[in-house]
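*Asks:* fold the following and give me the result.
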Amino acid sequence: MKRRSFLTTATLASAGLSTFLISSCNSSTKKNDEVISTVGNSDAVFELNEETISSLREKLSSGTYSSEQLVRMYLDRIESVDKNGHKLNAVIEINSDAIALAKAMDLEMKSGKSRGPLHGIPILIKDNIDTGDKMQTTAGSLALAGNVASSDAFVIKKMREAGAILIGKTNLSEWANFRSTSSCSGWSSRGGQTKNPYILDHNPCGSSAGSGVAVAANLCVVAIGTETDGSVVCPASVSGIVGIKPTVGLVSRTGIIPISSTQDTAGPMARTVTDAAILLGAMAGIDDQDQVTLESKGKAHKDYTKFLDLDALKGKRIGVERKPQGENQFMHALQQKTIDLLKSKGATIIEIDYLDEISKLGGDEFELMQFEFKAGLNSYLSTSNAKVKSLKEVIDFNIANEDKSMPYFKQETLISSNEKGSLMDKKYIEALKKSHLGSKEIIDKVMKVNKLDAICGLTIGPACSIDMIYGDRWGDVFLTMPAAASGYPHITVPCGKVYDLPVGFSFFGSAYSESKLISIAYAYEQASKERIAPSFKKSFIL
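*Replies:* Modelled structure (predicted):
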């Protein structure tokens, strides 16, 4: 197996792919305690550029805008930039109920009712999350076209309770990038290819490609993605935004098309740590239908913004892999620049050895996911409103509709998953022990021995070019697997640009350490202010 991370099938078994090209960072404008980015001339006319949840709440409270106006403005933005203009192709479907929902939220606000910070705020969600409305849930697959869920996913119920307005669903790497070993991230047979908003012929990463691009390009304030290994933090990193992959168990997976019951989770994607923290608090909750969420009792918080602390880096002990990742000198320089800033803000950086041990478990992780994908998908499809009722029927549909369903790459991962046995199989039990429990042991040990508050490093290199024929060519800098395989929390924050492409910096730690990671990430974000709005260049030019 190639080391493609979960961005292309979560193999993670070997390293040494192409090295990324890198350049220096651009400057950004700073205002108050939030990140306000420089904006290209092509977007100067959009009134809501780089708005935050808090700034929109102020405008709603003051009467500057109504929720209906906000929704209409974002829908116009999607039409002009996503469907036309730059044709980012981040949004796969618009919610026909969005205006009605906005009017309802406006009426509640006029009556004096407030559901919290998300009341009346437009959001987008990934197209593998059920919504009990008129929108489809397809994971980007033509095989699931017409699948309109009977009820909301648990996390969508939480969004509606919070007053958030679902304005549409985002495109993704088909089947959350668990279809082929030579896939192109951000492409689906239903939605086509999503583009990176910084350089349009470059890859948005996946599988939450549309959510990442939508937030980066100001098609919404915040969005929800899902991750099994890298599918929130990678698209966040290459789209220059903040992404949080929570501890597995903090956010319910009920009503989300599954891959791995061990590693799946939904997570917030935003332009600031503050907004990501607000969204995470609204998403978290115990769901009796998802037993793993019972583990979060007493460990979750309704409000993660209370942990935002400018001085949070003082006294923190943060580990970083001793061995340089990759061979590109500019990537090394970018990491060193970030490390130096962390030190200047009071953090102690400890060199540690752990990545080689984790990487050896990549094959076991992929084995585990194939078993769990088959079991989970068969269960989901059996009770869904989709025409196909099993993984085998999905495979058969793709074969029967090959020119439309598989014009570029095939379905090796679907086939290999379907050939796996049940979750009682000894091979599965062994893979679970090695990958999940093994990775937890490695991280827990290195954190305990070195008395660490978190582990850090570059999330991933800058985006590769879009190549739907031969697939992704990601480089040799990946920091998605440790937190993914263990089920531990992971946050990525913009740390600079390389050849005009964003790169994120990761912080991850032990189970349910979101509060600490958010405080560390916020202190770094406010000290660095590296979020820069996209320029929508057509292609990379030396």
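*Asks:* and stretch 92-105, how far out from the chain middle?
*Replies:* A distance of 23 Å separates the centroid of the chain from that of stretch 92-105, by CA atoms, centre = their mean, to the nearest Å.
*Asks:* in the protein, which residue is most central in space?
*Replies:* Central residue of the chain (CA atoms, centre = their mean): residue 232, 1.6 Å from the mean position.
*Asks:* quick check: that residue touching residue 243?
*Replies:* Yes - assessed by CB atoms under 8 Å, residue 232 is found in contact with residue 243 at 4.5 Å. Just so you know, the C-beta spots here come from the backbone N, C-alpha and C atoms, and that holds for glycine as well.
*Asks:* anything in contact with each of these two?
*Replies:* Contact criterion CB atoms under 8 Å, 6 or more residues apart in numbering; residues shared by residue 232 and residue 243: 208, 225, 267, 269.
*Asks:* which two from those end up farthest apart in space?
*Replies:* 208 and 267 (8.2 Å; CB to CB).
*Asks:* out of those two, which sits in the busier spot?
*Replies:* residue 208 (39 against 29; other CB atoms under 10 Å).
*Asks:* tell me the contacts of the more buried one?
*Replies:* Residues in contact with residue 208 (CB under 8 Å, 6+ apart) are 126, 170, 172, 223, 225-227, 231-232, 235-236, 243, 269.
*Asks:* now do it against residue 441, distance only.
*Replies:* According to CB to CB, to the nearest Å, residue 208 stands 28 Å off from residue 441.
*Asks:* and the strands in the stretch 101-250 of the chain?
*Replies:* Residue ranges of the strands in the stretch 101-250 of the chain, as given by DSSP state E, counting those that start in this stretch, are 122-126, 165-170, 187-188, 192-193, 222-227, 242-245.
*Asks:* CSV for the ones you listed, including mean pLDDT, mean neighbour count and distance to residue 107?
*Replies:* Formatted as CSV, those follow (pLDDT from 0 to 100; neighbours: other CB atoms under 10 Å; distance: least, CB to CB, whole Å):
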stretch, mean pLDDT, mean neighbour count, distance to residue 107
strand 122-126, 98, 30, 17
strand 165-170, 99, 28, 13
strand 187-188, 98, 30, 37
strand 192-193, 98, 17, 37
strand 222-227, 98, 30, 23
strand 242-245, 99, 32, 32
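*Asks:* residue 465 is nearest to which of these?
*Replies:* Set against residue 465 and scored by CB to CB, those come closest in strand 192-193, at 11.8 Å.
*Asks:* what residues does that closest one touch?
*Replies:* Contacts of strand 192-193 (CB under 8 Å, 6+ apart): 89, 171, 184, 186-187, 466, 468.
*Asks:* so what's the backbone phi/psi at the nearest residue to residue 308 once chain neighbours are set aside?
*Replies:* Excluding the flanking residues, the one nearest residue 308 by CB to CB, 6 or more residues apart in numbering is residue 522, at 4.6 Å. Per-residue torsions, residue 522: phi -70, psi -50 (degrees, to the nearest 10).
*Asks:* gap between residue 522 and residue 56?
*Replies:* Residue 522 is 20 Å from residue 56, by CB to CB.
*Asks:* quick one, which of the two is more surrounded?
*Replies:* Taking neighbours as other CB under 10 Å, residue 522 and residue 56 compare with residue 522 leading, 27 against 22.
*Asks:* how close does the more buried one sit to residue 62?
*Replies:* Counting by CB to CB, the gap from residue 522 to residue 62 is 26 Å.
*Asks:* show me the shaky parts of the chain.
*Replies:* 1-44, 542 (pLDDT under 70).
*Asks:* again, 50 this time
*Replies:* Within the chain, the ranges that satisfy pLDDT under 50 run 1-42.
*Asks:* which residues are common contacts for residue 208 and residue 267?
*Replies:* 225-227, 232, 243.
*Asks:* turn the residues you listed into JSON lines, columns for distance to residue 512.
*Replies:* Formatted as JSON lines, these follow (distance: CB to CB, whole Å):
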{"residue": "225", "distance to residue 512": "20"}
{"residue": "226", "distance to residue 512": "19"}
{"residue": "227", "distance to residue 512": "17"}
{"residue": "232", "distance to residue 512": "17"}
{"residue": "243", "distance to residue 512": "18"}
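*Asks:* quick one: which of those is nearest to residue 517?
*Replies:* Closest to residue 517 out of those is residue 243 (12.0 Å), distances taken as CB to CB.
*Asks:* what bridges to that closest one?
*Replies:* Judged by DSSP bridges, the bridge partners of residue 243 are residue 269, residue 492.
*Asks:* you'd agree it is up against residue 236?
*Replies:* Yes - between residue 243 and residue 236 there is a contact under CB under 8 Å: 2.7 Å.
*Asks:* find the residue closest to residue 152 in space, skipping its chain neighbours.
*Replies:* In space, and not counting its chain neighbours, residue 152 is closest to residue 132: 4.5 Å by CB to CB, 6+ apart.
*Asks:* how near is residue 63 to residue 110?
*Replies:* The gap separating residue 63 from residue 110 is 10 Å, by CB to CB.
*Asks:* over to residue 346?
*Replies:* Distance of residue 346 to residue 110, computed by CB to CB: 46 Å.
*Asks:* neighbour-wise, which of these two wins?
*Replies:* Higher neighbour count among residue 346 and residue 110: residue 346, with 13 against 10, using other CB under 10 Å.
*Asks:* and what about the more buried one, helix, strand or coil?
*Replies:* coil (DSSP: H, G, I helix; E, B strand; the rest coil).
*Asks:* and what of residue 59?
*Replies:* Under three-state DSSP, residue 59 comes out as helix.
*Asks:* quick one: contacts for it?
*Replies:* By CB under 8 Å, 6+ apart, the neighbours of residue 59 are 51, 65.
*Asks:* begin at 100 from here
*Replies:* In the new numbering, first residue 100, that becomes residue 158.
*Asks:* so residue 404 makes contact with residue 380?
*Replies:* Yes - judged on CB under 8 Å, residue 404 makes contact with residue 380 at a distance of 7.3 Å.
*Asks:* of the two, which one has the most company?
*Replies:* residue 380 (23 against 19).
*Asks:* right, and the helix or strand after the helix or strand where the more buried one lies?
*Replies:* For residue 380, the host element (DSSP states H and E) is helix 372-382. Counting by DSSP H and E, the element after helix 372-382 in chain order, helix or strand, is strand 416-420.
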